[in-house]
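>>> Build me a structure from this.
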Amino acid sequence: SGLVLSPAMLQALELALVDTAPPQGVLSDKDLRRANVSAKGFIIERLCLTEANLHRVASSCIQHLNLNLPPVQQVEPIRFVFREMSEVVAKIKTMSDKKGPVCLHCIPLLWNFRNIDALQIYTDGKQSLIIGT
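Purely as a prediction, here's the structure:
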C-alpha cells in the first residue's frame, strides 16, 4: 500500500530529507514542470541549504560587516535540526564550554516553518554572527 506506519521510520525519513540535498536527477526540467509549487519550493530550499551555500552566505556577511571571525570554511559546521527555537537555545547553551570557533547550522524540521529556512550561528567567543535565512 506504500504507507509507512512506523514512527521511527518516519522520523528517519524526515531527518534524511531535511539534512541532505535532493538527488541530482530530481531537478530535471521535466520533473520541475510536473511538480506542484510546494514540492518545487522544498526542492529548491534543500539545494540552497547545503553546507557550501550556507558557508558562502556567511563568508559574504563576514566580509561586508568587516568582522574578525575565522574563515567559515575552516570551522567544521554542526548541522542541527529543530522544531522549536527553545531547542536552538538549549543547543547553544551546551556549546558554551567549547574552545575555539563554533559554527552551527540550525535547520527547522517543520516543512512550513514560516520564520526562517535556516539559522546560522558563527562565533569565536568574542564576536558572533547570526544569520536568519
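>>> check contacts around the nearest residue to A118 once chain neighbours are set aside.
Nearest residue to A118 in three dimensions, chain neighbours excluded: T133, at 4.8 Å (C-beta to C-beta, 6 or more residues apart in numbering). The way it works is simple: take the backbone N, C-alpha and C, and place the C-beta from them, glycine included. Going by C-beta atoms under 8 Å, 6 or more residues apart in numbering, T133 touches C48, L54, V57, I116, D117, A118, L119, Q120.
>>> Among those residues, which one sits closest to V89?
L119 (11.0 Å; C-beta to C-beta).
>>> what's the spacing between that closest one and S60?
L119 sits 17 Å away from S60, going by C-beta to C-beta, to the nearest Å.
>>> With Q11 instead?
Q11 is 34 Å from S60, by C-beta to C-beta.
>>> V72: how many residues sit nearby?
V72 has 22 neighbouring residues, counting by other C-beta atoms under 10 Å.
>>> L54 now?
21.
>>> quick one, what contacts T123?
By C-beta under 8 Å, 6+ apart, the neighbours of T123 are L69, P101, V102, L129.
>>> mind running it again at 7 Å?
Listed by C-beta atoms under 7 Å, 6 or more residues apart in numbering, the contact set of T123 reads P101, V102.
>>> thinking again about what came up before, now for the contacts of T133: which two are most distant?
It's C48 and L119 that sit farthest apart of the contacts of T133, by C-beta to C-beta, at 13.8 Å.
>>> Between these two, tell me which one has more neighbours.
L119 (19 against 14).
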